[in-house]
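A.B. asks: pasted the sequence and its predicted model underneath.
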Amino acid sequence: MEALVSIRGATSVKENTVKEIKSAVVQLLKEIIETNSVNTSKIVNIIFTSTHDLNAIHPAKVAREELDLVSTPMLCSQEMKVPDDLPRCIRLMMQVYTEKSKKTVKHIYLGEANKLRPDLNHET
């Protein structure tokens, strides 16, 4: 039986450029979708945050244009500015209807972001 679950993920980029952000967001979304067998028509919404040092492009724009998620509601927000936080980091939370449970869903943390939540990270 399907249930609504949230899938977390994060990635990092080396530079604040459109190219770097596009590549990182596409890789992160593809990993989440493939690893969790997500049917993209069952994504309820995606919330993106990015650290204050990233502003070259909105992650939601990348998702719409590169992965054709045009009917998925998305929101971009700036992450809290916390001392010693991971720089150039993009985080997301995707809500999706799936057969997986909260215990079996795989959260994906790529690049330097794999240090953020080792308790949740699924090694891909």
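C.D. replies: Received the coordinates, thanks.

A.B. asks: tell me where the chain has strands.
C.D. replies: Ranges of strands in the chain, per DSSP state E, are 3-12, 43-50, 74-78, 89-98, 108-109.

A.B. asks: columns mean neighbour count and distance to Pro59 on top of those, output as a markdown table?
C.D. replies: C-beta coordinates here come from the backbone N, C-alpha and C atoms, glycine included. Below are those laid out as a markdown table (neighbours: other CB atoms under 10 Å; distance: least, CB to CB, whole Å):
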| stretch | mean neighbour count | distance to Pro59 |
| --- | --- | --- |
| strand 3-12 | 20 | 10 |
| strand 43-50 | 19 | 4 |
| strand 74-78 | 14 | 6 |
| strand 89-98 | 21 | 6 |
| strand 108-109 | 26 | 14 |
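
A.B. asks: nearest to Gln27, out of these?
C.D. replies: Closest of these to Gln27 is strand 3-12, at 6.9 Å (criterion: CB to CB).

A.B. asks: chain center to that closest one, what's the gap?
C.D. replies: What separates the centre of strand 3-12 from the centre of its chain is 6 Å, taken as CA atoms, centre = their mean, to the nearest Å.

A.B. asks: the chain should start at 4 in everything you say after this.
C.D. replies: Okay, residue one is now 4; in that scheme the one you just asked about reads as strand 6-15.
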